[in-house]
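**Student:** Quick one: sequence and predicted model below, then my questions.
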Amino acid sequence: MFKAVSSRVSLPEMDAGILQYWKDKDVFHRTETERPDAPTFMLFEGPPTANGSPGIHHVLARVYKDVICRHRTMKGFRCQRKGGWDTHGLPVELEIEKELGLSSKREIEEYGIEKFNQKCRDSVFRYVKEWETLTDRIGYWVDMEHPYVTLDNDYIETGWWMLKQLWDKGLLYQGMRGTPHCPRCETSLSSHEVALGYRDDTPDPSVFVKFLVENPPNPPLLGKSPQPPFGKGGRGGILFSETPTYLLAWTTTPWTLPGNTALAVAENAEYSVVDVEQEGGTQRMVLASALLERNIKEEHTLVATLKGSDLVGVKYCPLYPPADFGSEVRRFVRRQAPDGGTVIELEPTTEFSPQVVAADFVSMEDGTGIVHIAPAFGDEDLNLGREKELAFVQPVDLRGIITGSYPFAGKFVKTADPEIMDDLKDRGLLYHRDIYRHTYPFCWRCDTPLLYYAKSSWYIRTTAVKDQLVSGNSAINWYPEYIREGRFGEWLRNNIDWAISRERYWGTPIPIWECQSCQHQECVGSVDELTKLASADSKGKTAGLDLHRPYVDNITLDCTADACNGQMRRIPEVMDAWFDSGAMPYAQWHVTSDADMAQLMAEGRFPADYICEAVDQTRGWFYSLHALGTLLKGQPAYKNVICLGLILDGRGRKMSKRIGNVVDPNTVLDATGADALRWYLFTASHPGEPRRFSDKLVNETLRRVLLTLWNVYSFFTNYATIDKFEPEQIPQGWQPDNELDRWILSELNVLISQVDDFLENYNPTDAGRRIQEFIDGLSNWYVRRSRRRFWKSESDSDKLSAYATLYQCLVTVSKLMAPLAPFMAEEIYQNLVRSVDATAPDSVHLAQFPVADKTLVDKDLIAATQLAMKISSMGRAARSKAGLKVRQPLAGMVVKTRAKEEEQYLGWVESQVLEELNVKVLRSISEEPSLYQQAQVEAGENTDVILKIDHYSVALEAGYMVAMDSAITPELAQEGLARELAHRIQNLRKDANFDITDRIITYYQGPEEVSQVMQAHADYIALETLSDKLVSGVPEDGATSETQKIEGMEVTLGVRRV
């Protein structure tokens, strides 16, 4: 027999008991072990880094993963969900740098790579206990006992195997490109890492720089004169070599100007030669005609116009001689390769004569139409340098420090910007400076502005499978759907090769060895292969070798190239940590062969059925998974993905330690328990939308949803215990006759279908909201309108039907809500199911998800009851506006439905509405058509409004009208007073802590009007308050009593248990 429960409950205490129960019964593991032949449902868990405490945003992702897996488990699947830890990369290194007081790679190497990496290793598990505790507390079921760990040798070895597959397919290469580079961390970043660090409204210098044309110009500058005819055929012969002429270029990166080796123009655009009046006199400048008026504000005279092609080949004086920066001048040279193809290589040169070239990327939308080109900085400039065989000068080192002898040398590039501008101004080469605000990338981990730096790095050729990436994405189910073609699809369509190498220390070493003699390279795909290839002095060192730096760096190989006896050493770079996390589908199972991979797929462990993380992972983990799945297997790595929006504070601001609005999830769990937090996160907004978060919002969810359900559950258990109701009393094949019972069971079976469908389609938000609606209807309509059926003393078939109906609702709701609110669901299930049926599954989470019985769904009854609830809601609003309590009976009301077909239900629901609103008569608008017409006139354009029309309080809402007759006769007033007295007596019962079944004696003392009402309505008051006697006079000793103001009268009421 189940136990009666109090309406007061501590959910955190309940959670603790349920957690212990799950542990004692080994429920989580049994969801896998007891169904070995069940179909697999695979979750890929994105690995967090445990070198910091988990936050509320981590809770969001973890409960969204959990809800779907719990649902699939109850649907009969064997859910595999292996936890993992991301242990490599810059985030870890930067924390250790802070702890050790280090600020550069040089200092790390002086400290010692071995010691530094050991510190990194020690740090990554620092907060594991906190993560495990939080994971447990929020009810996230994931295998944390056997996690994959990216620093483990087995995991690293799989990464090597994967890289070797790409190497063999020609998809891994080394190349010089304009790579996003963090000068603080002194390493390259991938495009998806760059995407994580963009900042809007970043201020940068906006400078217009004058480049002096060689005098005489080479070739001579000819142009069209604005005073025709001038020369033959309108083609001018103006040689403006007599006047110093400047090419006007615009840049937002003054620090790149020492690396300038060319200026680019649009070949077919028109350019103007203008004399500009300035304080020092007239200066002649050249810029695009389309941008002339925007940029030249002073008085100016047009001298000539010419095509961009006329400018091509013009040489100009360098702003800075490369020698002043200690920079070697090199030039791109195109030559024939041994295989007959063409290669472009950098070679030293003694010549340095920058000139104008044509480029198709020159825009007429901003700037001057003349673009400063520095091939050492930026991929676009570098590619143009290769194409035009330009000079290459690198005056900035990898720390972002300008080299050389200028006053601004030795400074960080961004710090040097003002000094470079001042220098140009002093030399008469700065036309104008301003501030330009734009979107600019910063290091996603250390917040340093990134530099686009031309250097050699290792790349995965993702562009080779770009079409497959795009087509594969179309097969993935995205929630929200717009991410597929929007944020993620756009990212894939603009795909560039993945910069995978990092010039760092703590990461998976790139398994490429290079010969010191012939530069031949070998990619090693396993420890066994490394052992076979190891040179004589490295034999025996690979057994048990820690595959991290510096240990793996000590392993040398004999050169594998023909006719070379050189020694091969590993290149110094480590892999992008996003490769580590993207490798988890394979590395978590230590895949190192095609056979392993085939087995993985045969067992349903690849691809994943489901993944879920925050929206920023579209360019992080979501991308690395998708890219590697496509590169290795030609297919996506996952089928369904929920993409989560940001969590904001209660005022809609992004959470930040600086603002001080970051929420510790443990404080919320201590106050409200896990289910309230989970429920709020699910239902506050749909997955992809931002959601506000505060203690107040979670408490509101607790009160409105979970405690409402708990009160219904408490009500049921208390009365069922009193009446000794047991589920076996329900006749087999029972179906209710009572209309309320039939209605709530109709709603219940509709709910089952809807919740199952929502969860099947990765939509816990609407699943939770529908359950909320049902709980509200169950509590505020079904239970409230059925109370007397439970209160009455006789145990007839109607009472049994009420118990059977409410029991079925509570048990079914416990199963429906189990994926969303696993703790309360378990508590209700254990008491209502397990306590009366020892053969039932040990846990609600081992039970079958409910299946709807469509034969119990009566759509007309649902529609009629919804109409009754709508009319009642509007009627209560109209009463409230008129200041009329519901306990005050009214003579009548007039109703207009929105749709004509709804009128058929008015007769059906009339008695319910009259009882709900405490009204004597309901009339249709057809009986008083003028009332609605008058209401429409007075409402005007307002569709939802409450009006006063004559003696009616009229509510209008979306085509409905409910008008309450507010005239109160003496008889109605007396009846209202009787209801108010009964209400006050009920409150005294609560104050006295009487049990719900206790019979009482009621005492009353007050004016004659009160006595008359108590006598005239004695039967009603006695029934409502379980009073055996209503006694006029002073309450006896021992009675709980209180003197109160009721309708302006002083009344003393008292109650005493019989």
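**Tutor:** Okay, I see it.
**Student:** start to end distance for stretch 458-475?
**Tutor:** End-to-end distance for stretch 458-475: 30 Å, by Cα to Cα, to the nearest Å.
**Student:** any residues touching that stretch, and which ones?
**Tutor:** Identification of contacts with stretch 458-475 by Cβ atoms under 8 Å, 6 or more residues apart in numbering yields 166, 170-175, 177, 484, 488-489, 492-493, 495-501, 510, 512, 571, 573, 626-627, 629-631, 634-636, 639. Where you see a C-beta, it was placed from the backbone N, CA and C, and this is true even at glycine.
**Student:** got the buried residues for it?
**Tutor:** Using 16 or more other Cβ atoms under 10 Å as the test for burial, stretch 458-475 gives 458-462, 465-466, 468-469, 472-473.
**Student:** Now tabulate the residues you listed in CSV and tack on distance to V59 and pLDDT.
**Tutor:** As requested, the buried residues of stretch 458-475 are arranged in CSV below (distance: Cβ to Cβ, whole Å; pLDDT from 0 to 100):
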residue, distance to V59, pLDDT
W458, 37, 95
Y459, 37, 95
I460, 34, 97
R461, 39, 96
T462, 33, 97
V465, 36, 97
K466, 36, 97
Q468, 35, 98
L469, 32, 98
G472, 31, 98
N473, 28, 98
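**Student:** and the closest residue to A840 other than its chain neighbours, what does it touch?
**Tutor:** Nearest non-adjacent residue to A840, counting by Cβ to Cβ, 6 or more residues apart in numbering: V833, 5.0 Å away. By Cβ under 8 Å, 6+ apart, the contact list for V833 reads 811, 814, 840, 844, 847.
**Student:** and the gap between V833 and Q934?
**Tutor:** Using Cβ to Cβ, to the nearest Å, we find V833 at a distance of 56 Å from Q934.
**Student:** same question, N295
**Tutor:** Plainly put, N295 is 67 Å away from Q934 if you go by Cβ to Cβ.
**Student:** do W743 as well
**Tutor:** For W743, the distance to Q934 - Cβ to Cβ - is 35 Å.
**Student:** and those two? which has more neighbours close in?
**Tutor:** W743 (24 against 16; other Cβ atoms under 10 Å).
**Student:** Identify the residues contacting the more buried one.
**Tutor:** For W743, counting by Cβ under 8 Å, 6+ apart, the contacting residues are 782, 858, 861-862, 865.
**Student:** where's it, which helix or strand?
**Tutor:** Following DSSP states H and E, one finds W743 within helix 739-760.
**Student:** got the buried residues for that helix?
**Tutor:** 739-752, 754-756, 758-759.
**Student:** E927: which of the contacts of V833 is nearest?
**Tutor:** Closest approach between the contacts of V833 and E927, by Cβ to Cβ: V811, at 45.0 Å.
**Student:** Give me the neighbour count for the closest residue in space to that closest one that isn't next to it in sequence.
**Tutor:** Of all residues not flanking V811 in the chain, L832 sits nearest, at 5.4 Å (Cβ to Cβ, 6+ apart). Residues within reach of L832, counting by other Cβ under 10 Å, total 23.
**Student:** on that earlier part again, what about burial for the contacts of stretch 458-475, which qualify?
**Tutor:** Buried among the contacts of stretch 458-475 by 16+ other Cβ under 10 Å: 166, 171-172, 177, 484, 488-489, 492, 495, 497-501, 510, 512, 571, 573, 626-627, 629-631, 636.
**Student:** No more questions from me, cheers.
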